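Peer 1: 3D model of this:
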Amino acid sequence: MSLNLFIVGPSGGGVTQQATLIATKYGLANISMGQLLRDQISMGTELGVRAKLFIDQGRWVPDEITFSVLKAALRKINNQNFILDGYPRAINQGPLVEEYLSDFNQSVDALIHLNIDFAEIANRRALNEAQGKKFHLETRTDDTPQSIARQYQSYRQNIAPILNYFRQKSKLFDVDANRSIENIFSDICQYIDQLISSKPPSADLSSAMEKL
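Peer 2: Model (predicted):
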């Protein structure tokens, strides 16, 4: 039985942290779309070079590039048992992955959305900046209130239709991320456990049971 998840949230919302915890607990491959692109860029691949042109201009990397990179990563894990961090970010990307997985008798089980207020993100960024200055660490250069607000507003606009799409398919888990890491993770685990318990046995298991 496979478990294939998406997890999304605004920058500063703790998505990567939760994805890591989920991957560890449930034995999933932890795939970060951002890291995949950074790896391609650092290796100087054709896709990486093309992606960097868009990133340097502050533009979204086209699906033609991101999906090619993602498919290569999914093939390495037999297209199953993964949590995908930071994807989808456009309404067409979710169906694109669903269609690809269907060719391998796989599906997306759920989209986990970390629903966090702008004020909470601003507070966390301010705390991180203060800690960085205290210990003379390098801090983000985009942590001004104005840039944080722009990022958050852009995210909310882009993510709304994606959330609606998965909500209509009864595959959206919208979790309150204005709380502690432990409380957020606990709620997510309860949801995933229910998801797993409701999944039918795998085809191999069903066949074996029929022979008994």
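Peer 1: which positions in stretch 167-181 come out as buried?
Peer 2: 171, 172, 173, 175, 177, 178 (16 or more other Cβ atoms under 10 Å). The C-beta positions use only the backbone N, C-alpha and C, and glycine is treated the same way.
Peer 1: among those residues, which ones are in helices?
Peer 2: If you go by DSSP state H, these have nothing in helices.
Peer 1: which residues of this protein score low on pLDDT?
Peer 2: Judged by pLDDT under 70, the chain has its weakly predicted residues at 128, 130-143, 201-212.
Peer 1: what does the longest helix seen in the chain contact?
Peer 2: Taking DSSP H as the criterion, the chain has its longest helix at helix 145-168. Contacts of helix 145-168 from elsewhere in the structure, counted by Cβ atoms under 8 Å, 6 or more residues apart in numbering, are 6, 8, 10-12, 88-91, 93-95, 110-111, 113, 118, 121-122, 125, 142, 172, 174.
Peer 1: what residue lies at the spatial centre of the protein?
Peer 2: Central residue of the chain (Cα atoms, centre = their mean): residue 85, 2.3 Å from the mean position.
Peer 1: before we move on, back to that, please pick the buried ones from the contacts of helix 145-168.
Peer 2: Applying 16+ other Cβ under 10 Å to the contacts of helix 145-168, the neighbour count classes 6, 8, 10-12, 88-90, 93-94, 110-111, 113, 118, 121-122, 125, 172 as buried.
Peer 1: element containing residue 65, please.
Peer 2: helix 63-76 (DSSP states H and E).
Peer 1: I'd like to know which elements that helix is packed against.
Peer 2: strand 29-32, helix 33-43, helix 46-56, helix 93-102 (3 or more Cβ pairs under 8 Å, 6 or more residues apart in numbering; DSSP states H and E).
Peer 1: and residue 63, which of these is closest to it?
Peer 2: Among the helices and strands packed on helix 63-76, helix 93-102 comes nearest to residue 63, with 6.4 Å by Cβ to Cβ.
Peer 1: quick one: that closest one to helix 33-43, angle?
Peer 2: Using axes from the mean of the first three to the mean of the last three Cα atoms, to 10 degrees, the direction of helix 93-102 lies 80 degrees away from that of helix 33-43.
Peer 1: partners of the helix or strand following helix 93-102 in the sheet?
Peer 2: Later in the chain than helix 93-102, the nearest helix or strand by DSSP H and E is strand 110-115. Paired neighbours of strand 110-115 in the sheet (DSSP bridges): strand 4-8 (parallel), strand 172-176 (parallel).
Peer 1: want to throw these into a markdown table with distance to residue 200?
Peer 2: Output for these, formatted as a markdown table (distance: least, Cβ to Cβ, whole Å):
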| stretch | distance to residue 200 |
| --- | --- |
| strand 4-8 | 15 |
| strand 172-176 | 20 |
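Peer 1: relative to residue 32, which of those strands is closest?
Peer 2: strand 4-8 (10.1 Å).
Peer 1: just the CA trace of the closest one, in PDB.
Peer 2: In PDB, the C-alpha atoms belonging to strand 4-8 read as follows (Å, rounded to 0.1, in the frame of the first residue of the first chain):
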ATOM      1  CA  ASN A   4       1.600   9.800  -1.800                       C
ATOM      2  CA  LEU A   5       1.300  13.300  -0.400                       C
ATOM      3  CA  PHE A   6       1.600  16.900  -1.300                       C
ATOM      4  CA  ILE A   7       2.400  19.500   1.400                       C
ATOM      5  CA  VAL A   8       2.200  23.300   0.800                       C
END
